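# Mind looking at a prediction? Sequence and model below.
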Amino acid sequence: MDYFIGIDVGTQGARVLLADETGRPVAAFEEQFPLHREEQDPEHWWAACLRCLEQLPTGYNVKAIAVTSTSGTIIPLGRNGLPLHNAIMYSDGRQAEQGARCRQLALAHHPDGYTGFNTSSGLPKMLWFIEQYPHKTEQLYKFIHAADYITGKLCGRFDRSDFTNVLKSGYDVEGQRWPEYIWEKLPLRREWLQEAVPSGTPLGPVTARIKGLPDNVMVVAGMTDGCASQVASGAVNPGDWNTTIGTTLVVKGVTLAAVKDPEDRLYSHRHPEGYWMPGGASNTGADWVTKLFAGRIDALNEAAAQLCPTPYLVYPLLQRGERFPFVAPQAEGFATPGLSDEEHFTAAMEGVAYIEKLAYEMIEKLSGEKVKAVYTAGGASNSNVWLHIRSNVLNLPLYKMQQVSGAAGAAILAASKTRYRSVMEAAAAMAHTERIVRPQAGITDLYTATYHRFKQQLTEKGYIPEQTYA
């Protein structure tokens, strides 16, 4: 039996998972560190990972290891392999001006590549560092990403990253090259940028001295945390999609061709096997559940089972503005007046399902490809009632998975080219379904009628154009 290690470095802690070739978790350890939204010391990440790794049980035939972490976080690395500065976190909001500048240049000089730069993207953070600390440029070896730092500490190589991490740093994942405008129009140098390879590509054996870990363990190229969670969900084949409903609703899937969205609601990562992994995130999610109904959720779920499907319309957007599946800065939530708490709770779950359906209609229109299966994760997937509502609204089966963590996805990635022939083969062996919820005849028709009324209300309010995705 072969075993694999997945490491997930988040904003508040690191998690290390040891799993066997069937995906069965053997052991997992995690360590928290303080949350700092602007900058963090990557050496603290490494120390936390090291302590977790050294707690893993020994005697297992560990074959490979992979790392996942936040997308858009950048570390300026010195020639001695040490950071010249703290990690500039994806959540650092100081790079808004640089983000606008990068977006403008990308649209002008490489419009067919990634153009969705903002303050959370990697390239603006590189530009910001150079402009803030010009005296450090001669010491700079590479700009690397969060996952790359742990990967490099493990195997000694910092010169390579993967296709998912480099996307928001401006890499052209379709042409598989860095666009020239990055060093011709910005004060950046070509040699500061890493080589990019598919996620799962073997990089070399572990060179770090880690108690209990054999020195022949292969380190493979990592992946962003969102993509790793998608891999863990099993949504890795063309036509497969994953919806994670936590604070927000995040949709990620696999298409045969890159999806071009003129409104930038979707952007596409590159699949390890050459397919595409489009995704988008809504401001609508499950945040309303605890903010509006804390302490009563179990009772309201029981009531919802008897009430659905309802004829009511609730769009449970708590903040102003929506970004996916439509862009409407003026959007505000709405609800049929006079509802009881039980009716409001049920209709709000249905409203999120309508947003999910609208997203998949938009995706099918843009891609020209059918959504074949929806895998699901996040807090909302723990509600059986909500699973049934969503399956009936989508008129598709929902697959709730056993393991959906970033660390589990990283373990699958570690196995994808060292034990299996592809990430699809690895996920088929290691990602397991907990339950399948299927649509019910008759109920789907009732939801279709209410969904059209929901879209009509969005149209009347000016949030979506007439006949959107019809």
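Nice, thanks for sending it over.

# shouldn't Met277 be in contact with Lys252?
Yes - with contact defined as Cβ atoms under 8 Å, Met277 reaches Lys252; the gap is 6.3 Å. Where C-beta positions appear, they are placed from N, C-alpha and C, glycine not excepted.

# ok, those two, which is more surrounded?
Ranked by neighbour count (other Cβ atoms under 10 Å), Met277 and Lys252 place Met277 first, with 30 against 24.

# quick one on the thing from earlier: quick check: neighbours shared by Met277 and Lys252?
Residues touching both Met277 and Lys252 (Cβ atoms under 8 Å, 6 or more residues apart in numbering) are Cys227, Gln230.

# ok so Thr244 is a strand residue?
Yes - residue state for Thr244 (DSSP: H, G, I helix; E, B strand; the rest coil) corresponds to a strand.

# ok, it touching Gly379?
No - the criterion here is Cβ under 8 Å, and Thr244 misses it with Gly379 at 9.2 Å.

# after the helix ranked longest in the chain, next one along is what?
Longest helix of the chain, by residue count under DSSP state H: helix 341-367. For helix 341-367, the following helix or strand on the C-terminal side (DSSP states H and E) is strand 373-377.

# That next one: how far from the chain's middle?
Centroid displacement of strand 373-377 relative to its chain, using Cα atoms, centre = their mean, to the nearest Å, is 14 Å.

# same question, stretch 269-286
Distance, stretch centre to chain centre, for stretch 269-286: 7 Å (Cα atoms, centre = their mean).

# Of all the residues in that stretch, which ones are buried?
Using 16 or more other Cβ atoms under 10 Å as the test for burial, stretch 269-286 gives 269-273, 275-286.

# Just those: which are in strands?
With DSSP state E as the criterion, strands contain His269, Arg270, Trp276, Met277, Pro278, Gly279, Gly280, Ala281, Ser282 from among these.

# returning to that earlier point: compare Thr244 and Gly379 (neighbour count), which wins?
Thr244 (24 against 16).

# the helices in the stretch 351-470 of the chain, which residues?
384-394, 406-416, 423-430, 443-460 (DSSP state H, counting those that start in this stretch).

# What is the second one packed up against?
Think helix 406-416. Using 3 or more Cβ pairs under 8 Å, 6 or more residues apart in numbering; DSSP states H and E as the contact definition, the elements that helix 406-416 packs against are strand 3-9, strand 13-20, strand 62-69, strand 218-220, strand 223-224, helix 225-233, helix 423-430.

# Next, the buried residues of that helix.
Going by neighbour count (16+ other Cβ under 10 Å), the buried part of helix 406-416 is Gly406, Ala407, Ala408, Gly409, Ala410, Ala411, Ile412, Leu413, Ala414, Ala415, Ser416.

# Go through these and flag the one the model is least confident about.
Here the lowest pLDDT out of the buried residues of helix 406-416 sits on Gly406, with 91.

# For the residue nearest to that residue when sequence neighbours are not counted, give me its contacts.
Distance criterion Cβ to Cβ, 6 or more residues apart in numbering; nearest residue to Gly406, sequence neighbours excluded, is Asp8 at 3.7 Å. Contact analysis of Asp8 by Cβ under 8 Å, 6+ apart lists Ala14, Arg15, Leu17, Val67, Thr68, Ser69, Asp225, Ala228, Ser405, Gly406, Ala407, Ala410.

# Please apply the same query to Gln40.
Taking Cβ under 8 Å, 6+ apart, we find Gln40 in contact with Thr11, Phe33, Asn86, Ala87, Met89.

# residues near the closest residue to the last one other than its chain neighbours, how many?
Once flanking residues are discounted, Met89 sits nearest to Thr73: 5.3 Å by Cβ to Cβ, 6+ apart. If you count neighbours by other Cβ under 10 Å, Thr73 ends up with 29.

# so what's Thr73 up against?
Residues counted as contacts of Thr73 (Cβ under 8 Å, 6+ apart) are Ala87, Ile88, Met89, Tyr90, Gly122, Lys125, His145, Ala146.

# export these to TSV and tack on neighbour count, pLDDT and distance to Gln457?
Conversion of the contacts of Thr73 to TSV gives the following (neighbours: other Cβ atoms under 10 Å; pLDDT from 0 to 100; distance: Cβ to Cβ, whole Å):
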residue	neighbour count	pLDDT	distance to Gln457
Ala87	28	97	44
Ile88	26	97	42
Met89	21	95	38
Tyr90	22	93	34
Gly122	28	97	38
Lys125	29	98	40
His145	27	98	42
Ala146	31	97	41
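
# from those residues, which ones fall inside strands?
Within the contacts of Thr73, residues falling in strands by DSSP E are Ala87, Ile88, His145.

# circling back: restricted to buried residues, select the contacts of Asp8 in PyMOL.
With 16+ other Cβ under 10 Å as the criterion, this PyMOL line picks the buried residues out of these:
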select buried, resi 14+15+17+67+68+69+225+228+405+406+407+410
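
# Out of the contacts of Asp8, flag the one nearest to Arg390.
Among the contacts of Asp8, Ser405 lies closest to Arg390 (Cβ to Cβ), at 21.4 Å.

# is it true that that closest one touches Val16?
No - in this structure Ser405 lies outside contact range of Val16 using Cβ under 8 Å: 11.1 Å.

# Could you check the pLDDT of Ala470?
Here the pLDDT value assigned to Ala470 is 59.

# now swap in Asp162 and tell me
For Asp162, the model assigns a pLDDT of 98.

# before we move on, what about the one 3 residues further on?
Per-residue confidence (pLDDT) for Asn165: 97.

# for it, what are its contacts?
Residues counted as contacts of Asn165 (Cβ under 8 Å, 6+ apart) are Ser71, Gly122, His145, Ala147, Asp148, Gly222, Met223, Thr224.

# quick revisit: columns distance to Arg189 on top of the contacts of Asp8, output as JSON lines?
Below are the contacts of Asp8 laid out as JSON lines (distance: Cβ to Cβ, whole Å):
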{"residue": "Ala14", "distance to Arg189": "31"}
{"residue": "Arg15", "distance to Arg189": "35"}
{"residue": "Leu17", "distance to Arg189": "37"}
{"residue": "Val67", "distance to Arg189": "26"}
{"residue": "Thr68", "distance to Arg189": "28"}
{"residue": "Ser69", "distance to Arg189": "25"}
{"residue": "Asp225", "distance to Arg189": "28"}
{"residue": "Ala228", "distance to Arg189": "30"}
{"residue": "Ser405", "distance to Arg189": "37"}
{"residue": "Gly406", "distance to Arg189": "32"}
{"residue": "Ala407", "distance to Arg189": "35"}
{"residue": "Ala410", "distance to Arg189": "31"}
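
# ok, of the contacts of Asp8, which one's closest to Arg296?
Ser405 (28.5 Å).

# Give me the distance between the closest one and Val374.
For Ser405, the distance to Val374 equals 19 Å [Cβ to Cβ, to the nearest Å].

# Looking at the record's assignment, how would you partition this protein?
Residue ranges for the domains of the chain, per automatic domain parsing: 3-221, 234-460.

# which phi and psi does the spatially closest residue to Arg190 that is not a sequence neighbour have?
Closest residue in space to Arg190, ignoring its immediate chain neighbours: Trp183 at 4.9 Å, by Cβ to Cβ, 6+ apart. When read as degrees, to the nearest 10, the backbone of Trp183 gives phi -100, psi -10.

# mind checking pLDDT for Trp183?
98.

# you'd agree it is up against Arg189?
Yes - Trp183 is within contact range of Arg189, at 5.8 Å (criterion: Cβ under 8 Å).
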